[in-house]
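Chemist: sequence and predicted structure are below.
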Amino acid sequence: MLQSELPIQLPIAKELLVIPPDAEKIHCEIVNLLEQLELTECRSCLDPEFKMKYLRFMELFEQYQNIVVNSSEYKVSCKRGCAHCCNHWVEDVNSFEAEIIAEYIRQYYPDTVEKIVIQCKEDVQLLENIENLTLQKIDSCDENKKIDHIDLTLSVFYQMGKPCPLLSESGSCSVYKVRPLTCRIYMSFSEPVLCSPDYQDQDDIPTYLLNVEENASSILDKMHFRYQRFPDMTGLRSMILNYLKE
């Protein structure tokens, strides 16, 4: 029997990750750094001082995640080439993250800008079409069976199998160094195949969103609005499209 034909063993339960003292110390460093970043008077998030502190924040956050995971019984199964989660419509991206990513693309992958813009346009239009259809479907449903149209829209988009425009042909993230926090916080401890759309309704699959705590998150929110240039926009594809079109 081929490996791909072996039965998938679904996990029985999902336990919460514990934040050990060493990770808490790193998180304190993160908060202190973000407080410094908030106090900087950089007019643009592309200012060298801002980017230096922001990249340092990402380094600390990676250390924080590693300590938390290594102190648990879990092992992250995410690796280069496994890109199921990169088919999601990525939301909750900070404005400064998107602008830094756009600059990174122009600097290191200038020949891909046009292709990325075209794919982003197609994906944005696809999401709008899906949202219109889901709204129609929900409006025709029984009042007692209504579901959240945003959740349904994002679920359907994921099932369409549209890879992120920033994903390389080899299945790796072309902007991995500056990828947004919302991508970094997602981690899976299961077999990679369980991250596919076929299993997205399984509540017991051990996937986690290991994010910073509220005190750090609130500072990031403030900076998002400070450097925001496209109001009411937090989707990665939508924001990259706008920044690359400039």
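Modeler: Structure's in. What do you need? Residues are numbered from 1 along each chain as shown.

Chemist: ok so Tyr208 is a strand residue?
Modeler: Yes: counting by DSSP: H, G, I helix; E, B strand; the rest coil, Tyr208 is part of a strand.

Chemist: buried sites along stretch 27-44?
Modeler: His27, Ile30, Val31, Leu33, Leu34, Leu37, Cys42 (16 or more other C-beta atoms under 10 Å). Using the backbone N, CA and C atoms, a C-beta is placed for each residue, glycine as well.

Chemist: what does that stretch rub up against?
Modeler: 19, 47, 49-50, 53-54, 56-57, 60-61, 64, 212-213, 215-216, 219-220, 222-223, 227 (C-beta atoms under 8 Å, 6 or more residues apart in numbering).

Chemist: got a quick ChimeraX command for the buried subset of these?
Modeler: Applied in ChimeraX, the following selects the buried portion of these according to 16+ other C-beta under 10 Å:
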select :19,50,53,54,57,60,61,64,212,216,219,220,223,227
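
Chemist: so which of the contacts of stretch 27-44 belong to helices?
Modeler: Counting by DSSP state H, the contacts of stretch 27-44 place 49-50, 53-54, 56-57, 60-61, 64, 215-216, 219-220, 222-223 in helices.

Chemist: can you tell me which of those residues is nearest Arg184?
Modeler: Arg184 lies nearest to Phe61 out of these, by C-beta to C-beta, at 6.7 Å.

Chemist: in the chain, which spans are strands?
Modeler: Listed in chain order, the strands of the chain (DSSP state E) span 186-188, 207-209.

Chemist: ok, and what's touching the last one?
Modeler: In this case it means strand 207-209. For strand 207-209, using C-beta under 8 Å, 6+ apart, the contacting residues are Leu17, Ile185, Tyr186, Met187, Ser188, Phe189, Ser190, Cys195.

Chemist: by mean pLDDT, point me to the weakest helix or strand of this structure.
Modeler: Here the helix or strand of the chain ranked lowest by mean pLDDT, DSSP states H and E is strand 207-209, holding a mean of 76.

Chemist: do you know the pLDDT at the most centrally placed residue in the chain?
Modeler: In the chain, the centroid-proximal residue (C-alpha atoms, centre = their mean) is Cys183; its distance is 2.5 Å. The per-residue pLDDT reported for Cys183 equals 92.

Chemist: and the longest helix for this protein?
Modeler: Longest helix in the chain, counting by DSSP H: helix 113-139.

Chemist: packing partners of it?
Modeler: In terms of contacts (3 or more C-beta pairs under 8 Å, 6 or more residues apart in numbering; DSSP states H and E), helix 113-139 is packed against helix 95-108, helix 149-159, helix 236-245.

Chemist: who are the packing partners of the second one?
Modeler: Okay, so that is helix 149-159. Helix 149-159 sits against helix 113-139, with contacts defined as 3+ C-beta pairs under 8 Å, 6+ apart.

Chemist: in the helix it packs on, what counts as buried?
Modeler: Ile116, Val117, Gln119, Cys120, Asp123, Val124, Leu126, Leu127, Ile130, Glu131, Thr134.

Chemist: tell me who's in contact with the spatially closest residue to Met233 that is not a sequence neighbour.
Modeler: Nearest residue to Met233, sequence neighbours excluded (C-beta to C-beta, 6 or more residues apart in numbering): Met239, at 5.6 Å. Counting by C-beta under 8 Å, 6+ apart, Met239 touches Val93, Ser95, Ala98, Phe230, Met233.

Chemist: got it, and Met187?
Modeler: Met187 neighbours (C-beta under 8 Å, 6+ apart): Gln65, Val69, Val76, Cys78, Thr207, Tyr208, Leu210.

Chemist: just Arg80 next, same as before
Modeler: When the contact criterion is C-beta under 8 Å, 6+ apart, the partners of Arg80 are Ser170, Gly171, Ser172.

Chemist: and of the contacts of Met187, the nearest to Pro163?
Modeler: Among these, and counting by C-beta to C-beta, the member closest to Pro163 is Cys78, at 15.7 Å.
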